[in-house]
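Chemist: the following comprises the amino acid sequence and a computationally predicted model.
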Amino acid sequence: MKVKIYLLMLICSLAIFLLTGCYYVQGVEAKAYAIALGIDVSDTHNLKLTVQFAVLNSSKSSTSSEDSSISNSTILSVDCSTLDSGITLINSYISKQVNLSHCKAVIISEEFSSHGVSDIVYTLMNSMELRPDCNIIISKCNALDFLENSSPVFESNPAQYFTLNFNSSEYTGYVDNLTLSEFYYNIINIYSDASAILAGINNKETQDKINIGSSILDDNYIAGKTPIVSKNNVESMGIAVFRNDKLVGELNNLETLCHLIITNNLKNATINITNPFANNSSVSFYVNLNKLTKKNVSFVNNYPYIECEIWITGNIPTTYSNINLSDEDCLTTLNSALNDYIEAHILEYLYKTSKILKADIAGFGKYVLPKYATSQEFVNSDWIR
């Protein structure tokens, strides 16, 4: 009997400790979840930090008519000396603690990027909360303006909007789905340069600046300057090119497609070429990589000679009155026209990135590095200069 009493007392004692609450545990309602960060140049401090927060459903009004008028996100901006101090200042202003674990995108303005982004990128990668797979975006406008104009059309969840917005790279080839970890890796390594998603605001003002006489082949568009008319003013198209940690230029939609071909990241895309049977019209091709692109770099007379072996499959999704797809000679002509078009634009892409922008965003340096006895010899060769 005494044993049972002692056993019952032991169980009760353990239950006292097991059933106590955890004082330091915080629920989701105690956190302010950031879904996007914006970095701009500041007139008074080192930078302007903008944070877009998700608004939880529990914080909304229960009235359905009011729910439809309340945004799913809210934006706060602060001038600060560092990223960490900016987040601390926001923490002191709002009633919740900022949490970056659900941040989907980091938007850096074009102006800020031209002065160097290494300090910001190192700070972000050192964060215990920020996930390395969030997208890195270079905005042609202020990051604050970008976030204020970022209104999802097909997504009610703003976080999901940033997640899905850049998946178009899989079926357009006009944007590369680049992450913060990839950007960081290409900044710190010695044989390649970094690139990021290019985005901008497309409104009436930018529409008026579009060159009316541009190519009918839809191969010369960049973010913020496309002929698209929509209530959603924010668009992503093209690639921002970096040398070391500074923005040095940008690639348009077709140059981006060439970059995806070279780096084996092209999934599917539609391109237009001049109709070889009627020069005043175009032919659409649905293209994808048949095999991975083979790259090789050798030295000829002490100059690097780059070779790329590319296999592309093209299908014509539309019927044309002047094209007979059952005729073998017609298919040969179309195949030659497509090959010549892609080859010419890839050569232009390689010339622009290497000679004009002096950047190796395709990572050809990886094929040159083994030709040197030590990595220091490779660095001394100034490959990416």
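Modeler: Happy to help now that I have it.
Chemist: now Phe183: how far from Ile136?
Modeler: 4 Å (Cβ to Cβ, to the nearest Å). In short, each C-beta sits where N, CA and C put it, glycine included.
Chemist: pretty sure Leu130 is touching Leu180, no?
Modeler: Yes: applying Cβ atoms under 8 Å, one finds Leu130 in contact with Leu180, separated by 7.5 Å.
Chemist: shared neighbours, these two?
Modeler: Taking Cβ atoms under 8 Å, 6 or more residues apart in numbering as the contact rule, Leu130 and Leu180 both touch Leu124.
Chemist: on that earlier part again, which of Phe183 and Ile136 has more neighbours?
Modeler: Counting neighbours by other Cβ atoms under 10 Å for Phe183 and for Ile136 shows that Phe183 has the greater number, 26 against 23.
Chemist: hang on, that one in a helix?
Modeler: Yes: the assignment for Phe183 by DSSP: H, G, I helix; E, B strand; the rest coil puts it in a helix.
Chemist: and it, what does it touch?
Modeler: Residues touching Phe183, when contacts are defined by Cβ under 8 Å, 6+ apart, comprise 121, 136, 194-196.
Chemist: neighbour-wise, which of the residues you listed leads?
Modeler: Using other Cβ under 10 Å as the contact criterion, the top neighbour count among those goes to Ala196, which has 29 neighbours.
Chemist: and the strands in the protein?
Modeler: According to DSSP state E, the chain carries its strands in the segments 31-40, 47-54, 73-80, 97-99, 105-109, 135-139, 195-201, 234-243, 246-251, 269-274, 282-289, 294-300, 303-309, 312-315.
Chemist: from the contact counts, what lies against the third one?
Modeler: Looking back up the chat, that one is strand 73-80. When contacts are defined as 3 or more Cβ pairs under 8 Å, 6 or more residues apart in numbering; DSSP states H and E, strand 73-80 packs onto strand 47-54, helix 83-93, helix 143-148.
Chemist: pull the most distant pair out of the contacts of Phe183.
Modeler: Across the contacts of Phe183, the two members that end up farthest from each other (Cβ to Cβ) are Val121 and Ser195, 13.1 Å apart.
Chemist: nearest to Ile187, out of the helices and strands packed on strand 73-80?
Modeler: For those, distance to Ile187 was read as Cβ to Cβ. The smallest value, 16.3 Å, belongs to helix 83-93.
Chemist: out of the contacts of Phe183, which is nearest to Ser42?
Modeler: Distance to Ser42, by Cβ to Cβ, is smallest for Val121 among those, at 18.1 Å.
Chemist: need the helix or strand of this structure with the lowest average pLDDT.
Modeler: Averaged element by element with mean pLDDT, DSSP states H and E, the chain has its least confident helix or strand at helix 64-67 (a mean of 40).
Chemist: end to end, how far does stretch 294-309 reach?
Modeler: Here the two ends of stretch 294-309 are set 5 Å apart, with distance taken as Cα to Cα, to the nearest Å.
Chemist: ok, the closest residue to Thr123 other than its chain neighbours - contacts?
Modeler: The spatial neighbour of Thr123 that comes closest, neighbours along the chain excluded (Cβ to Cβ, 6 or more residues apart in numbering), is Leu83 at 4.9 Å. Applying Cβ under 8 Å, 6+ apart, one finds that Leu83 lies in contact with 39, 47, 49, 120, 123-124.
Chemist: picking that back up, list just the one of the helices and strands packed on strand 73-80 that sits closest to Ile201.
Modeler: Taking Cβ to Cβ, helix 143-148 is the member of the helices and strands packed on strand 73-80 nearest to Ile201, at 6.3 Å.
Chemist: could you dump the closest one to CSV, C-alpha only?
Modeler: Listed next in CSV are the C-alpha coordinates belonging to helix 143-148 (Å, rounded to 0.1, in the frame of the first residue of the first chain):
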residue,chain,number,x,y,z
ALA,A,143,12.7,49.5,-54.0
LEU,A,144,10.1,51.4,-52.0
ASP,A,145,8.2,52.3,-55.2
PHE,A,146,8.5,48.7,-56.4
LEU,A,147,6.9,47.3,-53.2
GLU,A,148,4.2,49.9,-53.2
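Chemist: helices or strands up against it?
Modeler: Helix 143-148 packs on strand 31-40, strand 47-54, strand 73-80, strand 105-109, strand 135-139, strand 195-201, going by 3+ Cβ pairs under 8 Å, 6+ apart.
Chemist: okay if I get these as a markdown table plus mean pLDDT?
Modeler: Converted to a markdown table, the helices and strands packed on helix 143-148 look like this (pLDDT from 0 to 100):
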| stretch | mean pLDDT |
| --- | --- |
| strand 31-40 | 93 |
| strand 47-54 | 94 |
| strand 73-80 | 92 |
| strand 105-109 | 96 |
| strand 135-139 | 94 |
| strand 195-201 | 91 |
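Chemist: of those, which approaches Ser95 most closely?
Modeler: When these are ranked by distance to Ser95, counting by Cβ to Cβ, first place goes to strand 31-40 at 8.2 Å.
Chemist: the residue lying closest to Ser168 once chain neighbours are set aside: how many residues sit nearby?
Modeler: By the measure of Cβ to Cβ, 6+ apart, the closest residue to Ser168 outside its immediate chain neighbours is Val175, 6.0 Å from it. In terms of burial, Val175 registers 26 neighbours under the definition other Cβ under 10 Å.
Chemist: wait, isn't Val175 in contact with Thr226?
Modeler: No: using Cβ under 8 Å, Val175 makes no contact with Thr226, being 11.8 Å away.
Chemist: picking that back up, can I get the helices and strands packed on strand 73-80 in a markdown table with distance to Gly238?
Modeler: Rendered in a markdown table, the data for the helices and strands packed on strand 73-80 read as follows (distance: least, Cβ to Cβ, whole Å):
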| stretch | distance to Gly238 |
| --- | --- |
| strand 47-54 | 22 |
| helix 83-93 | 26 |
| helix 143-148 | 15 |
